[in-house]
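**Student:** how would this look folded up:
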Amino acid sequence: ARMGAGQSSPFAGVLLRLTSSTEVIPLEADIWEELWAGLPLNADQLYAAASIEQMRKWKTDAPKNFANLIRRAILKLHWAGLTAIATPECQNQVGMVVLLLMRLVPIVMEDPDWTGFFFTTLPQDVPMKMPEGHTQAADPKANNLAAVAPFPVAADTPLAHILLAAVLDLLFAPEYTVARTEVPRSAFMSQAPQAIRALNTVDATNYVWADGVAAAAQRGRSAGTPLMFERRTLLLRLLLVCLGSPLYTLPSVVVKKIDPWTQFILDAAHSKVLPLAQSLLNTVVSYDPVGLGLPYNYALFSDADHEKLVGVSAEVLLILLVCDGENVRASRLFQFFSTLQAAPELAFLSKGIADLLNNPLVATWLPHSQKKVDIFQELMVLFWRLVELNPSFMQHMLRSPDLLRIITPILHYVHSSRLDIMKAGLLHVGVYTLLLLSGERSFAVRLNAAYADPIVFDFPAFSGNYADLLVLVIHGLLTGTNQRLLGIYDCLLTILTNVSPYIKSLGLVAANKLVHLFEVFSSLKFLLAAPNNNHLIFFLLEIFNNLIQYQFEGNQHLVYVIIRRRRAFFDLQKLSLSPFAEAAAPASLPSDTTFVPGTPKSGKSGKTGKAEGDEKPPVIAASSPSEPVGEHFSTAAPRPEGFVPTQEWFDEWHSRLPLETVVRALQVLVPQIEALCSDKGVTDEVEILQFLQHGTLVGLLPVPHPLMVRKYHAPAAPMIWLISHVWGIIYLRSMLPPLWHGTNLRLLIVREE
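**Tutor:** Below is the predicted model of the structure:
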């Protein structure tokens with residue numbers, strides 16, 4: 001129950017007495033218990049009574065009392081676990097303590113002088129009261145209904161570990177956060193004091209929150225009540241706060257090591273960590289906002305508590321999954337994610353992620369008749385990391401019918417984010433997911449399926465396959481006005497290069513877009529604007545060569561467009577630097593032609609596997625405190641000042657241009673098309689396309705070049721852009737109640753509007 005009209009709580013009065021005290025209040029004093037006695041407050045009421053400014057001032061004026069409050073609150077949670085939160089009064093008090101710690105922990109974390117506080121230990125002689133009507137199971141002789149016992153904890157256990165262990169235990173507390181599986185005590189049984197089974201002895205594998213991964217034995221069991229969902233959500237928010245140390249760490253520091261709070265979870269030192277990971281994953285992926293599909297069902301049957309639980313579960317998952325490094329990948333938690341391999345579990349994951357990613361994008365006949373769930377950003381990161389970490393999941397996705405159902409919304413979110421600098425992180429997650437998948441032949445082959453998805457894009461309708469859609473989306477990214485995308489131009493073209501040998505047919509629209517990219521990137525001003533701009537031409541020529549050499553029969557549209565716009569290819573072949581060298585100095589170039597894309601040495605051939613010039617995979621530079629998070633995305637060194645093209649520089653790359661295949665195809669086909677038009681009077685492009693479709697270049701082209709596949713390899717260290725992106729999502733989602741709002745963040749820059 002929450003405090004209502006005409007009711008009062010002693011919290012504000014007791015807190016005022018505590019903050020006004022000039023003496024050190026002992027940890028065992030009774031006044032601490034008075035704080036959470038009586039009727040519970042909700043988050044707004046407690047936050048109003050314990051404002052950030054007031055708590056900061058108290059921390060400065062009476063640091064020992066402030067510290068003792070946190071210690072006593074942690075003690076309260078831990079003792080509640082040992083007594084299985086056996087009474088309604090204890091349950092109410094736990095809720096109050098959780099809210100109070102959600103307020104106090106960030107105030108400690110933001111202060112560098114208090115960095116080590118949570119890794120100090122507790123005194124061993126703090127008395128706590130046993131709930132009335134219960135005794136400890138470990139002491140069968142005890143029969144005092146209000147027994148006082150010392151707090152049982154190892155002398156060297158730090159506060160942080162005690163707090164995390166208490167939260168984990170409470171997340172699997174029977175009849176509090178999970179439905180009990182044992183037979184309850186009969187009302188007709190003896191009313192003697194009931195022995196308490198401490199929560200740390202509960203086998204959490206029997207209480208995984210939802211069916212799905214590693215929970216097959218529990219199918220059909222109740223997932224919980226709305227009140228249990230609310231309690232789980234509250235405890236998970238406290239867990240988020242405990243894992244929030246990176247928010248108060250500079251980007252240059254946060255990537256060097258995993259903070260100890262997160263490391264405790266990754267190591268699965270507590271028996272409930274793996275059941276929690278299973279519960280979080282199942283809770284998110286199994287969520288069905290549509291149900292039976294009845295229009296406006298969400299207005300009649302609210303599941304707001306369940307939806308909040310799904311959201312915060314996804315956030316905790318993200319914090320754990322963005323950690324990286326050799327030690328992290330060897331941890332028990334990452335071993336869990338990377339070794340999921342049962343076919344039903346993988347199918348459960350792929351279908352659930354596909355359904356939820358499509359949910360906000362699917363149109364309905366009746367306006368707003370279907371509930372929309374806004375967790376697509378979390379799901380994109382989750383999918384990317386699962387595909388990257390788990391080879392079995394990758395192979396399952398390549399065969400799964402859900403692959404294209406996941407790729408389409410990813411392309412939609414990437415396309416819709418291209419002009420919004422605030423969604424740079426989301427766009428990069430999507431691009432790196434596509435880059436990872438593009439290294440697999442099966443993915444490219446699947447793109448040949450006819451596109452018939454109900455998701456609407458904001459470019460003109462087209463007919464074709466998923467490869468056409470991929471080309472259109474990437475063309476929009478490469479020709480947009482967002483200068484922050486320059487650093488991933490090579491990634492975008494690598495995606496197209498990897499899939500091009502297996503694309504059986506491109507439509508006319510997509511073919512025009514590809515040739516347009518060639519015209520843009522082969523323009524003189526672009527090529528002479530920066531020393532590495534010519535690398536993009538190598539990618540495009542490799543795409544054309546792959547399609548002509550290996551898929552000529554079905555790509556008559558592309559061949560037709562190349563013939564129509566052949567001048568760009570011949571101009572590049574005949575390009576000479578000498579007449580333009582002086583005019584190519586940076587000072588003479590318009591600002592809109594100064595590009596600085598990445599630096600893959602894609603012009604070389606004969607290598608397979610890792611992308612050439614990609615010894616260091618795409619990473620995103622960290623932002624400093626004076627710059628917006630996600631400001632700089634770069635895979636290349638900074639542009640050299642005062643670059644002036646030289647003949648040696650020009651000859652080095654121009655002599656390596658793989659133009660032979662395209663030029664030879666033009667030399668063969670252009671006379672045939674001209675003869676067709678002049679001799680037979682053909683003027684309709686349909687007839688020309690039919691001629692090209694049934695034509696052949698067998699024996700007329702150079703020896704086919706070896707296929708080159710550029711594999712995406714994840715960095716061995718955490719990626720600061722990804723950490724910042726994930727914490728930015730979580731920060732914005734955590735405003736009700738505001739978990740970190742008003743504290744001094746160092747990882748993110750928050751602009752108040």
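**Student:** all strands for this structure, in order.
**Tutor:** Shown for the chain, the strands assigned by DSSP state E span residues 127-129, 134-136, 148-150, 194-196, 609-610, 710-711.
**Student:** Quick check: mean pLDDT of the fourth one?
**Tutor:** Think strand 194-196. When pLDDT is averaged over strand 194-196, the result is 56.
**Student:** ditto for the last one
**Tutor:** The pLDDT scores in strand 710-711 average 86.
**Student:** Who are the packing partners of it?
**Tutor:** Packing contacts for strand 710-711, counted by 3 or more CB pairs under 8 Å, 6 or more residues apart in numbering; DSSP states H and E, involve helix 489-499, strand 609-610. Just so you know, the C-beta spots here come from the backbone N, C-alpha and C atoms, and that holds for glycine as well.
**Student:** Out of those, which one sits most buried?
**Tutor:** For the helices and strands packed on strand 710-711, average neighbour numbers computed from mean count of other CB atoms under 10 Å are highest in helix 489-499, which has a mean of 27.
**Student:** Show me what that one is packed against.
**Tutor:** Looks like helix 489-499 contacts helix 424-438, helix 441-446, helix 466-478, helix 535-550, strand 710-711 (3+ CB pairs under 8 Å, 6+ apart).
**Student:** Show me how far it is from its chain's centre.
**Tutor:** 22 Å (CA atoms, centre = their mean, to the nearest Å).
**Student:** quick one: it to helix 466-478, angle?
**Tutor:** Put simply, helix 489-499 runs at 170 degrees to helix 466-478, going by axes from the mean of the first three to the mean of the last three CA atoms, to 10 degrees.
**Student:** relative to helix 424-438, how tilted is helix 489-499?
**Tutor:** If you take the same axes, to 10 degrees, helix 489-499 sits at 30 degrees to helix 424-438.
**Student:** Nearest spatial neighbour of residue 228, chain-adjacent residues omitted?
**Tutor:** residue 177 (5.4 Å; CB to CB, 6 or more residues apart in numbering).
**Student:** follow-up on the earlier one: let me have the helices and strands packed on helix 489-499 in TSV, adding mean neighbour count and distance to residue 161 as columns.
**Tutor:** Listed next are the helices and strands packed on helix 489-499 as TSV, based on neighbours: other CB atoms under 10 Å; distance: least, CB to CB, whole Å:
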stretch	mean neighbour count	distance to residue 161
helix 424-438	24	32
helix 441-446	18	43
helix 466-478	23	46
helix 535-550	23	50
strand 710-711	21	40
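**Student:** now these as JSON lines including distance to residue 230?
**Tutor:** Formatted as JSON lines, the helices and strands packed on helix 489-499 follow (distance: least, CB to CB, whole Å):
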{"stretch": "helix 424-438", "distance to residue 230": "29"}
{"stretch": "helix 441-446", "distance to residue 230": "41"}
{"stretch": "helix 466-478", "distance to residue 230": "40"}
{"stretch": "helix 535-550", "distance to residue 230": "52"}
{"stretch": "strand 710-711", "distance to residue 230": "45"}
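**Student:** can you tell which of those is closest to residue 657?
**Tutor:** Ranking the helices and strands packed on helix 489-499 by proximity to residue 657 (CB to CB) places helix 535-550 first, at 6.5 Å.
**Student:** other SSEs contacting that closest one?
**Tutor:** Judged by 3+ CB pairs under 8 Å, 6+ apart, helix 535-550 is in contact with helix 489-499, helix 508-521, helix 556-564, helix 660-680.
**Student:** Could you say which of the ones you listed is packed most deeply?
**Tutor:** By mean count of other CB under 10 Å, these have helix 489-499 as the most buried, with a mean of 27.
**Student:** can you state the direction angle for that helix and helix 508-521?
**Tutor:** Going by the same axes, to 10 degrees, helix 489-499 makes 140 degrees with helix 508-521.
**Student:** how about the residue nearest to residue 228, what does it touch?
**Tutor:** Shown in contact with residue 177 (CB atoms under 8 Å, 6 or more residues apart in numbering): 170-171, 224, 228, 231-232, 235.
**Student:** Closest to residue 276 out of these?
**Tutor:** Nearest to residue 276, judged by CB to CB, of the contacts of residue 177 is residue 171 at 6.2 Å.
**Student:** Would you agree that closest one is in contact with residue 277?
**Tutor:** No: assessed by CB atoms under 8 Å, residue 171 is found out of contact with residue 277, at 11.5 Å.
**Student:** before we move on, back to that, most neighbours, which of the contacts of residue 177?
**Tutor:** Among the contacts of residue 177, the one with the most neighbours (other CB atoms under 10 Å) is residue 232, at 28 neighbours.
**Student:** Apart from its chain neighbours, what residue comes closest to it?
**Tutor:** What sits nearest to residue 232 in space, not counting adjacent residues and going by CB to CB, 6+ apart, is residue 177, at 5.1 Å.
**Student:** same thing with residue 345?
**Tutor:** Spatially, and ignoring its direct neighbours in sequence, residue 345 is nearest to residue 213 (4.9 Å; CB to CB, 6+ apart).
**Student:** Count residues in the vicinity of that neighbour, would you?
**Tutor:** Residue 213 has 24 nearby residues by other CB under 10 Å.
**Student:** For it, give me its contacts.
**Tutor:** Contact analysis of residue 213 by CB under 8 Å, 6+ apart lists 278, 281-282, 285, 340, 345, 348-349.
**Student:** same deal with residue 283?
**Tutor:** By CB under 8 Å, 6+ apart, the residues touching residue 283 are 209-210, 309-310, 313.
**Student:** so how far is residue 573 from residue 666?
**Tutor:** Residue 666 sits 10 Å away from residue 573, going by CB to CB, to the nearest Å.
**Student:** what's the answer for residue 714, then?
**Tutor:** For residue 714 relative to residue 573 (CB to CB), the value is 39 Å.
**Student:** Which one's more surrounded, these two?
**Tutor:** residue 714 (17 against 13).
**Student:** okay but the more buried one is in contact with residue 324, surely?
**Tutor:** Yes: Residue 714 is within contact range of residue 324, at 7.1 Å (criterion: CB under 8 Å).
**Student:** ok, which stretches of the stretch 251-400 of the chain are helices?
**Tutor:** 251-254, 260-266, 273-285, 297-300, 304-321, 326-329, 332-338, 343-358, 376-389, 391-399 (DSSP state H, counting those that start in this stretch).
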